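Requesting a structural model of the entry that follows:
(chains A, B, C and D)
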2 protein chains.
Amino acid sequence: MAIPLSSETSHTVRKTLEFVQHHRLARGDRLPSERELSERFGVARSSVREALAVLDAMRITERRPKSGIYLRNAVEDGGLDALVLQADLGLTFDPQITRDVTEARIICEEQALRLACQRRTDADLSKLHQTLQAYAATIQAGGDMAEADVDFHLALVAASQNRILVRTLTPLMLMSRRWRQRYFESEAIRRRSLDDHHAFVAAVEARDEAAAAALVRCHVETAAADVRALAEQGGTTSTNST
Amino acid sequence: MAIPLSSETSHTVRKTLEFVQHHRLARGDRLPSERELSERFGVARSSVREALAVLDAMRITERRPKSGIYLRNAVEDGGLDALVLQADLGLTFDPQITRDVTEARIICEEQALRLACQRRTDADLSKLHQTLQAYAATIQAGGDMAEADVDFHLALVAASQNRILVRTLTPLMLMSRRWRQRYFESEAIRRRSLDDHHAFVAAVEARDEAAAAALVRCHVETAAADVRALAEQGGTTSTNST
DNA sequence: CTACCAATCTGGTCTGACCAGATCAAGCAG
DNA sequence: CTGCTTGATCTGGTCAGACCAGATTGGTAG
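Model prediction:
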């Protein structure tokens, strides 16, 4: 599960976003001209333009002919992928958005799990057990828990046999990924999380909709609360450029 | 409510997609080289490259260095916006996807309406009445019903005060927009639809969650069934390139 | 102080060039 | 005839430089 960013052009895209981040630009602010950016990044103007075309399509920037390049606001100006990208780069940390994401996640994931209980196949089940093992292995190996977590939850949703739900939830998962990096540093949380995941699989296996739905609400809400607690305790490290 | 496509570069993006459509290219097929596309479209190669950067970011195409440009499959390869774009251009008409979209819409919209009943403000309410009037006016004027319908439903969801839900539902609405063009040709359906919308607003105004939830299921499912009936009766006009 | 004009800056577009792999066909050696 | 090598050709990736048409800006002439 990686942030979808074209590998070409991606370098300049990242550089541009880092520029925005570093200079703490906000909605409506103007970026340097294409020529200056190309000079600054050490690439040709055409390369900058390709990156800007992507950022434009994502509604992160807006190019006004004869005027300049301006920052949009990913939340209001559309482009879910843009939001994900910004979240992943730590560009946005609006508490309201995190609440909204959690709420939307619970809504979609609960219903997805209900469908999964109805429709899951044996193949889904073995895939789930496999992902669960990978999750446990990641804990053992000290790997990227947030990534493994996203993989597991998406595998769970995939059992609903609804590809649109998977795709709807993917950005929501990815968006919260970064917020949960620190969350998984706690040994206790990692263990509890593993137990929860086992319970998820058991519920889907037993086709127990009520249990699955209750689990989702509890699991996601608890996690969100913990993240909030961490954020308050540790202070908000990220700034909000929106 | 328009398909989000950068106005620059958009011409070439559309041309490229039309090429794919016209030549009935499928997943994995190779497009002509950048040089040939630029010749074919009558634009410079740099312009083609900007368009391809966007299509790449949307996961519609894949550029393999030293090899060529290949078509991806928007459903499997990610990029919800890509799906919307393809749906809007009539590039995909997978019955399974339409079912998935309808299902996801009901899930998200029902819960969004429940939240809207809880949280709607007076401002939301007047916005809703206003959108409703615009909807009625569109019927009178014989305007684009599908567009007005998207606007109304998004206004409804916006009353949930959850911006992520709005953004999650936007592509789902847009995706079905094209499928509903013919749907709204029927006078009876237009009238029934208007009645439904009035009922939606009334439920949200009265904060009647149960009524709102029931309405969503009925409204969306009936509409989906009607669209399916139309598709079967009139035959599938679109082809599926996935 | 005002009005006007020219230099300058912007994004939008095009041309043409070079690079480095990949591909493939021709030709040579066996 | 077979098999390997080799070179022409094609690919996307990148760059430099040019022109255009508006918008902005600054200074100058009235």
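
ok, now which ones touch A:A148?
A:134-135, A:138 (Cβ atoms under 8 Å, 6 or more residues apart in numbering or on different chains). Using the backbone N, CA and C atoms, a C-beta is placed for each residue, glycine as well.

for A:F41, same thing?
A:F41 sits next to A:12, A:15-16, A:47-48 when contact means Cβ under 8 Å, 6+ apart.

now whichever helix or strand A:I106 is part of against helix B:95-119, angle please.
Assigned by DSSP states H and E, A:I106 belongs to helix A:95-119. With axes from the mean of the first three to the mean of the last three Cα atoms, to 10 degrees applied, the angle from helix A:95-119 to helix B:95-119 works out at 130 degrees.

Pull up the residues of chain A that are close to DNA strand D.
By the rule Cβ under 7 Å from any atom of the strand, the part of chain A lying against DNA strand D is A:8-9, A:11, A:42-47, A:66-67.

one step back: tabulate the contacts of A:F41 (a markdown table), appending secondary structure and pLDDT.
Listed next are these as a markdown table, based on DSSP: H, G, I helix; E, B strand; the rest coil; pLDDT from 0 to 100:
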| residue | secondary structure | pLDDT |
| --- | --- | --- |
| A:T12 | helix | 93 |
| A:K15 | helix | 92 |
| A:T16 | helix | 93 |
| A:S47 | helix | 96 |
| A:V48 | helix | 96 |
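
Just put the residues you listed in TSV and tack on distance to chain B.
Output for these, formatted as TSV (distance: Cβ to the nearest Cβ, whole Å):
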residue	distance to chain B
A:T12	10
A:K15	15
A:T16	13
A:S47	9
A:V48	11
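
Neighbour count and distance to B:D226 for those residues - can I get that in CSV?
CSV is the format used below for those (neighbours: other Cβ atoms under 10 Å in any protein chain shown; distance: Cβ to Cβ, whole Å):
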residue, neighbour count, distance to B:D226
A:T12, 24, 47
A:K15, 17, 50
A:T16, 23, 46
A:S47, 19, 49
A:V48, 26, 49
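
Can you report how many residues neighbour the residue of chain A found nearest DNA strand C?
Per Cβ to the nearest atom of the strand, A:S33 is where chain A lies closest to DNA strand C, at 3.2 Å. A:S33: 14 surrounding residues under other Cβ atoms under 10 Å in any protein chain shown.

Please name the nearest non-neighbouring residue to it.
Distances taken as Cβ to Cβ, 6 or more residues apart in numbering or on different chains place A:G68 nearest to A:S33, at 6.4 Å, with adjacent residues excluded.

from memory the one you found sits against A:R30, does it?
Yes - A:G68 is within contact range of A:R30, at 4.8 Å (criterion: Cβ atoms under 8 Å).

Quick check: which element contains the residue nearest in space to the middle of chain A?
Centroid-nearest residue in chain A, with Cα atoms, centre = their mean: A:L174, separated by 1.6 Å. In this assignment (DSSP H and E), A:L174 forms part of helix A:163-177.

okay, the angle between the following helix or strand past that helix and helix A:95-119?
For helix A:163-177, the following helix or strand on the C-terminal side (DSSP H and E) is helix A:187-205. Inter-element angle recorded for helix A:187-205 and helix A:95-119: 40 degrees (by the same axes, to 10 degrees).

And helix A:187-205, what's buried?
Within helix A:187-205, the residues that count as buried by 16 or more other Cβ atoms under 10 Å in any protein chain shown are A:189-190, A:193-194, A:196-197, A:199-201, A:203-204.

Show me what the helix or strand just after that helix is packed up against.
For helix A:187-205, the following helix or strand on the C-terminal side (DSSP H and E) is helix A:209-234. If you count contacts as 3 or more Cβ pairs under 8 Å, 6 or more residues apart in numbering or on different chains; DSSP states H and E, helix A:209-234 packs onto helix A:95-119, helix A:187-205.

Can you mark which positions in helix A:209-234 are buried?
Neighbour count says helix A:209-234 has A:209, A:211-213, A:215-216, A:219-220, A:223-224, A:226-227, A:230-231 buried, by 16+ other Cβ under 10 Å.

What is the burial count for A:R40?
Neighbourhood size, A:R40 [other Cβ under 10 Å]: 13.

That one and chain B, how far apart?
For A:R40, the distance to chain B equals 20 Å [Cβ to the nearest Cβ, to the nearest Å].

which one is that residue nearest to, not counting chain neighbours?
Using Cβ to Cβ, 6+ apart, the nearest residue to A:R40 is A:P32, at 6.8 Å.

quick one: contacts for that neighbour?
Per Cβ under 8 Å, 6+ apart, neighbours of A:P32: A:19, A:40, A:69.

mind putting these in a markdown table, secondary structure and pLDDT included?
Shown next, in a markdown table, are the contacts of A:P32 (three-state DSSP; pLDDT from 0 to 100):
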| residue | secondary structure | pLDDT |
| --- | --- | --- |
| A:F19 | helix | 92 |
| A:R40 | helix | 95 |
| A:I69 | strand | 96 |
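
In JSON lines: those residues, plus distance to B:R114.
Shown next, in JSON lines, are the contacts of A:P32 (distance: Cβ to Cβ, whole Å):
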{"residue": "A:F19", "distance to B:R114": "42"}
{"residue": "A:R40", "distance to B:R114": "49"}
{"residue": "A:I69", "distance to B:R114": "41"}
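
among the residues you listed, which are within reach of DNA strand C?
Contacts with DNA strand C within the contacts of A:P32, as defined by Cβ under 7 Å from any atom of the strand: A:I69.

Spell out which residues make up each domain of chain A.
For chain A, automatic domain parsing gives the domain ranges A:7-80, A:93-234.

Make a markdown table from those domains and add distance to B:D149 to it.
Formatted as a markdown table, the domains of chain A follow (distance: least, Cβ to Cβ, whole Å):
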| stretch | distance to B:D149 |
| --- | --- |
| domain A:7-80 | 19 |
| domain A:93-234 | 19 |
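
Which one, of those domains, ends up nearest to B:L83?
Ranking the domains of chain A by proximity to B:L83 (Cβ to Cβ) places domain A:93-234 first, at 7.4 Å.

What residues of stretch A:110-121 count as buried?
A:110-117, A:120.

near chain B too, which of these?
Contacts with chain B are made by A:111-112, A:115 out of the buried residues of stretch A:110-121, judged by Cβ under 8 Å from any Cβ of the partner chain.

and of those residues, the nearest to A:M145?
Taking Cβ to Cβ as the measure, A:M145 lies nearest A:A112 of those, at 21.7 Å.

is it true that the closest one touches A:Q161?
No - taking contacts as Cβ under 8 Å, A:A112 lies outside contact range of A:Q161: 9.9 Å.

mind showing which ranges of chain A have poor pLDDT?
A:1-8, A:74-80, A:82, A:86, A:88-93, A:230-242 (pLDDT under 70).

what residues are up against A:R119?
A:159-161.
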